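Trainee: next comes the sequence, and after it the predicted model I'd like to discuss.
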Protein chains: 4
Amino acid sequence: MGKVNSITSPAPKGGVSYKQISIEYENMPVILKPVYTGICGTDRGIVNGALQFAYCPPGYSDLALGHESICKVVSAKSNEFGIRSGDLVVPQVRRPGKCLNCATGRSDNCSDGDKHEAGITGMHGFMREEFGDYPEYLLKVSSDSIREVGVLTEPLKNVEKAFEVYEVASRRSISTDRFGSLSEKRAIVIGTGSEAFLYALKCRDYGFQTLITNRHPVDDLKMKFLDAAGVEFFDYTKEHRDSKGWDLVIDTSGDPGTILRFLRKTNNNGNIILFGTNGKAPATGIDGQDIDYIIERNIFLIGSVDGARVHYERALQDLERWNAQYGDRLKSLITHRFSPQDTSVFTKKDPLEIKSVIDWSM
Amino acid sequence: MGKVNSITSPAPKGGVSYKQISIEYENMPVILKPVYTGICGTDRGIVNGALQFAYCPPGYSDLALGHESICKVVSAKSNEFGIRSGDLVVPQVRRPGKCLNCATGRSDNCSDGDKHEAGITGMHGFMREEFGDYPEYLLKVSSDSIREVGVLTEPLKNVEKAFEVYEVASRRSISTDRFGSLSEKRAIVIGTGSEAFLYALKCRDYGFQTLITNRHPVDDLKMKFLDAAGVEFFDYTKEHRDSKGWDLVIDTSGDPGTILRFLRKTNNNGNIILFGTNGKAPATGIDGQDIDYIIERNIFLIGSVDGARVHYERALQDLERWNAQYGDRLKSLITHRFSPQDTSVFTKKDPLEIKSVIDWSM
Amino acid sequence: MGKVNSITSPAPKGGVSYKQISIEYENMPVILKPVYTGICGTDRGIVNGALQFAYCPPGYSDLALGHESICKVVSAKSNEFGIRSGDLVVPQVRRPGKCLNCATGRSDNCSDGDKHEAGITGMHGFMREEFGDYPEYLLKVSSDSIREVGVLTEPLKNVEKAFEVYEVASRRSISTDRFGSLSEKRAIVIGTGSEAFLYALKCRDYGFQTLITNRHPVDDLKMKFLDAAGVEFFDYTKEHRDSKGWDLVIDTSGDPGTILRFLRKTNNNGNIILFGTNGKAPATGIDGQDIDYIIERNIFLIGSVDGARVHYERALQDLERWNAQYGDRLKSLITHRFSPQDTSVFTKKDPLEIKSVIDWSM
Amino acid sequence: MGKVNSITSPAPKGGVSYKQISIEYENMPVILKPVYTGICGTDRGIVNGALQFAYCPPGYSDLALGHESICKVVSAKSNEFGIRSGDLVVPQVRRPGKCLNCATGRSDNCSDGDKHEAGITGMHGFMREEFGDYPEYLLKVSSDSIREVGVLTEPLKNVEKAFEVYEVASRRSISTDRFGSLSEKRAIVIGTGSEAFLYALKCRDYGFQTLITNRHPVDDLKMKFLDAAGVEFFDYTKEHRDSKGWDLVIDTSGDPGTILRFLRKTNNNGNIILFGTNGKAPATGIDGQDIDYIIERNIFLIGSVDGARVHYERALQDLERWNAQYGDRLKSLITHRFSPQDTSVFTKKDPLEIKSVIDWSM
């Protein structure tokens, strides 16, 4: 039974350790080592004991953390997915239950909630020196050029799924301009974290006039990135840019008050993608006129979570293109690197952080 | 210039009169007389001066009311729509502006708000002894058997549009059961007015287990109708029926507090159709956990207003079938009849009312 | 082991007998007796030995025929589908295999062909004095008024499926007219059998200008039915009606030469639904210009087979409405009635036949 | 009135010259010079006098050729499309008429055929030393790295449109595998020209097991490219690879006999995209069993032509990514370069040609 160094938390109590835990994995068809693993709000939430839905696998009092990762295949039994020793791969986070959506490979749309998420709910995560997995849950990274930014695949797959859902939703009316494109339509992304940046890049790809906002200014590094991507920033506590309204609103803040503020300036046939969660965000009032506003304009509010295999595939493709298009700018999204032993990253967050990663070679 | 008896209101000030007003219509290609015109909350809202968006056509200080109607064609110039003298027809309420959605016959999805609604915004309504219209806005009623219930075509077209939108939205995941149908899925309609009843009938047609609710019991006539249609009523202030959650929530109340109550019991991949408006409904608190709930379950909140020509067509077909299927039960939805002169219906509402109509033969 | 009188054929050899065969059914959850069973080309094909894909259930040298039926429930174990003794029901024909489409209740879209069809492929059909089934495959007929025309549910469910597919396909471009409807669009149905008539009625419901054609004139009964439904007939060997082209072509003939003839007059963004099969239809030439024609106009050729539970539900609803709308005209589609003993119907076809049925009370 | 050197043909008679023609363009809002223009079968067809649908603009007896191009902006009046002097751009080929599809920016789906195509039908093409255009028809190339392969944008936009249509069509059933992806599904591209290669790359991006075929072997350069892209070639006159059938067939040959050969091995719910045209391809027989095959398997045959602004945008994004992913391999698709004066390229085709371009700097 393999004892391997892992970053663990006794979920859902909170706390974090770098220590050896025993997890049988040697007989799994694919053996992997992490290259980079990303840190996100969920990891910090578990460590802070703020996420009551997190739990350990049966028989364990510790949960190995980690769901954003890019890994190296150490060895692989022959398989039909073409996963071979030496490959760079991204493992899927969510694993299917038995509902119809799960049965068709869409555990992101799990109907009954009976699924697991690596490093979060009942399944060990990827912050382990070495671990095993099944080839069907591994996505091959085609090029070494995105070895580093590839750690963004997992957060980006959420964006890909959200846009798939947006495409379904936007078919209810003509949502393009007179050129059949989106160049006359306006998207606003609320928030300026890494996930917000990924959403903004995707909005640009779709051809939207894209703005991004927060309730405070952003630092110079972020401004340079946004400029390069053709995304306009404004501080919504200081300025309004809503005279033409919003056709697409994407929220990464999870704050109802902020969502409502932008909802009230959403255009006819507009879509509001709810993505960011903040269970502690205070209540805001929604009244009859807000409901009326949504109805009269045929507006959709769209909750979107997770993504499926196909979204990991698209994420990898987008990263490859963005890497070509934005070059070092894209890499600059990864602002901080930590060694596995240095668990301080889970409890402190540098204001200049866009994405912090654990570098398993450190 | 034709002076005809009309039911009018000096919108948006409020008030109602049955009086002669001069509206040129004699040269219009089709001349019509109303048979029945329905009364709904919008009519009463205009009369009460509660709807500030209502306004008179240019040059008029009175607005002829009426948008729910079934009419008889008095005369018609030859046209390619097959509208002929003697036909029973339902006139469309909304008339297109110049946006792309309007240009393609979908003024219900008007992008810029530059459209008009008969009897509501800048265009005279159908509560006139005689009036003129264009053949392209008239929907032929194929059978005299729905002469009376045909007055429900206009409210029902809203339901047809909402279900079209629901169908688009529900394609984002597998939303049917293991039989490819909806017999294991649960719909709840909030409200027990005529529009709620039409929604409930449509839910039944789709195969949903259908419940309807209000914050008070309903009278015997309504209970009998609901029984016949296989719709289960409960008073949500007394009972809960949400242990299995809701797959489709349809709100006709416009009350945020009630909407949130049912939202919090909506199932994964569920849809909440917002239809009812009540600009004076008090605010309710929506917090971070509500946003989180919507996201984790991939829930959609769907604002839906109005309907297009195709929805009037489907409404007429559904009324024809329901008339066959439910017989007198369907007719029983029309609970009250008034003469055009008796404008009391605009200011009083009998608690037993489902739908009140003006009978222009009285 | 129950011996019951059945209409059988030693598939795929051909032949037909009314005789007793032993099929265990007494322990099935629902026991049924047929009321009417329809005869279609497939039944005759099996009897003629022309359908090599037909086969008997394992261990049987006879196949009980019959897939178009309306039945009475003799007894039913308690079930969640609401099937009770005395109910009129229509049994589904196709039964699922194990592919993803079958698993989600869509055996009509079976991915691997591993399904069965009652009375056709490896499963006994419904032409048995008494038989058993599972409640999940039975569709309740809500009203006794369609007791007779209800036998058309099974063929009509194919039409409902084909139109579902048409709706998916037609979303690739704007396929409606400037009123958002189909009143300026033209549909042509090839063939004048019962299935063609059902397609024509559905085209009318969608609002198409609807024509129907064959290579010979039709009798008076058919002409009267078509007139009542607003469908125009022409003999394509004598007349052309294609100066405005076709937006929707529906073929029930299975004849490639006829399909190509109408394909060559199909409009931009047009759809051609292939439904009718005739394995013995002679080859016709398709050349580079035909392929070019399809491409330049963005035309779809759509193969569509069978239908799922949801399509049986819609078929029942349409029959209920058409029965109200067309009255005796709809019933007139059932032109011939036979007793179970009189198997001559399988080998002879009256030229005046629209639909022949076996009346199990005779 | 500007006289500029142009490559012209007296369409539809055939012939080609490099000569000065007078075309007023100086007052157009954007002035451009071609950088590269691609040669395709349509250009050669016009020059050979084989395309009777080609015609000159009103008042001209010569048609400037050229529709595949990447151009440099010489000067631009201020515009809302961000087109500025110095930009690299790709001009759209098709220009809208007045139908509903054209009005919404989708002239690729033109309903009435009343559109124009630069260099083909009634509008001068881009093989002119200098010419003018409107900013709304110009697509900005974001990076100089695709200056050369950018000439593939125009042919690639057809692929992007075809896949948009494929996505609509494939929604009729579950068309993905148990992982919600396409890794267990098989695509076959018929033909080995440049357009076929672009289709094959796109199939790979979608995750299909991708094969490409022709009736003869391919040269070493092509084999290397296909290997790099993970696409398997076979000569269908020598080998069969159809034991598992085809889920997606893409034809670029326009040859009915070849299409039918692969159609007969298409899987349930499969799609056949018809793209290649060859008006002179000989007829092949299609019989009743072929029609039956299409129907029983719910197969779609999909004609797809041209692409809209949005497809040019996606083509540019894919080229940028493929350029990063495949590097020099992608550039190797451009096998031949000609000076504008050397019109021999229009009448001769090197067997090793994948894509020939005119280099306007030569």
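Mentor: Received the coordinates, thanks.
Trainee: quick one: the strands in the stretch 1-150 of chain A?
Mentor: Ranges of strands in the stretch 1-150 of chain A, per DSSP state E, counting those that start in this stretch, are A:3-9, A:17-22, A:30-38, A:63-64, A:68-76, A:88-91, A:94-95, A:116-118, A:122-123, A:131-133, A:138-140.
Trainee: what about A:Val249, distance to B:Ala103?
Mentor: 26 Å (CB to CB, to the nearest Å). For glycine as for every other residue, the C-beta is placed from the backbone atoms N, C-alpha and C.
Trainee: quick one: which of these two has more around it?
Mentor: Counted by other CB atoms under 10 Å in any protein chain shown, A:Val249 and B:Ala103 do not tie: A:Val249 has more neighbours, with 26 against 20.
Trainee: quickly find the element holding the closest residue to that one other than its chain neighbours.
Mentor: Nearest-residue entry for A:Val249: A:Ile272, 4.4 Å, with adjacent residues in sequence omitted and distances by CB to CB, 6 or more residues apart in numbering or on different chains. A:Ile272 is part of strand A:266-274 when elements are defined by DSSP states H and E.
Trainee: contacts for that strand, please.
Mentor: Contacts to strand A:266-274, defined as CB atoms under 8 Å, 6 or more residues apart in numbering or on different chains, come from residues A:162, A:165-166, A:169-170, A:172-175, A:186, A:244-251, A:259, A:262-263, A:297-304, B:101, B:109-113, B:291, B:294-295.
Trainee: so A:Leu263 touches A:Thr284, yeah?
Mentor: No - between A:Leu263 and A:Thr284 there is no contact under CB atoms under 8 Å: 10.6 Å.
Trainee: low-scoring stretches of chain A, by residue?
Mentor: A:1 (pLDDT under 70).
Trainee: grab the most central residue of it for me.
Mentor: The centroid of chain A falls nearest to A:Pro155 when counting by CA atoms, centre = their mean (2.3 Å).
Trainee: what number of residues lie near the spatially closest residue to that residue that is not a sequence neighbour?
Mentor: Computed as CB to CB, 6+ apart, the closest residue to A:Pro155 that is not its neighbour in sequence is A:Glu195, at 5.4 Å. By other CB under 10 Å, 22 other residues sit near A:Glu195.
Trainee: A:Gly180 too?
Mentor: Neighbours around A:Gly180, by other CB under 10 Å: 24.
Trainee: next: A:Gly132.
Mentor: Using other CB under 10 Å, A:Gly132 has 18 other residues around it.
Trainee: run a quick neighbour tally on the closest residue to it other than its chain neighbours.
Mentor: Nearest residue to A:Gly132 in three dimensions, chain neighbours excluded: A:Met28, at 2.5 Å (CB to CB, 6+ apart). Residues lying near A:Met28 (other CB under 10 Å) number 16.
Trainee: got a markdown table for the strands of the stretch 1-150 of chain A, with distance to A:Tyr312 too?
Mentor: Formatted as a markdown table, the strands of the stretch 1-150 of chain A follow (distance: least, CB to CB, whole Å):
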| stretch | distance to A:Tyr312 |
| --- | --- |
| strand A:3-9 | 23 |
| strand A:17-22 | 27 |
| strand A:30-38 | 14 |
| strand A:63-64 | 21 |
| strand A:68-76 | 11 |
| strand A:88-91 | 6 |
| strand A:94-95 | 11 |
| strand A:116-118 | 13 |
| strand A:122-123 | 17 |
| strand A:131-133 | 14 |
| strand A:138-140 | 4 |
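Trainee: so for A:Pro351, which of those sits nearest?
Mentor: strand A:30-38 (18.1 Å; CB to CB).
Trainee: which ones are touching the nearest residue to A:Ile21 once chain neighbours are set aside?
Mentor: Once flanking residues are discounted, A:Ile21 sits nearest to A:Ser6: 5.1 Å by CB to CB, 6+ apart. Counting by CB under 8 Å, 6+ apart, A:Ser6 touches A:18-21, A:23, A:62, A:64-65, A:124, A:127-129.
Trainee: ditto for A:Ile23
Mentor: A:1-2, A:4, A:6, A:64, A:124, A:128, A:131.
Trainee: how many neighbours does the closest residue to chain C within the stretch 101-250 of chain A have?
Mentor: When distances are taken as CB to the nearest CB, the stretch 101-250 of chain A reaches nearest to chain C at A:Thr104, 5.4 Å away. When neighbours are defined as other CB under 10 Å, A:Thr104 has 23 of them.
Trainee: ok, now which ones touch the residue nearest to it when sequence neighbours are not counted?
Mentor: Leaving aside its sequence neighbours, A:Thr104 sits nearest to C:Leu100 (CB to CB, 6+ apart; 5.4 Å). C:Leu100 is in contact with A:103-104, C:111, D:174, D:177-178, counting by CB under 8 Å, 6+ apart.
Trainee: that older thread, which one of A:Leu263 and A:Thr284 has more residues nearby?
Mentor: Shown here are A:Leu263 and A:Thr284; by other CB under 10 Å, A:Leu263 has more neighbours (21 against 18).
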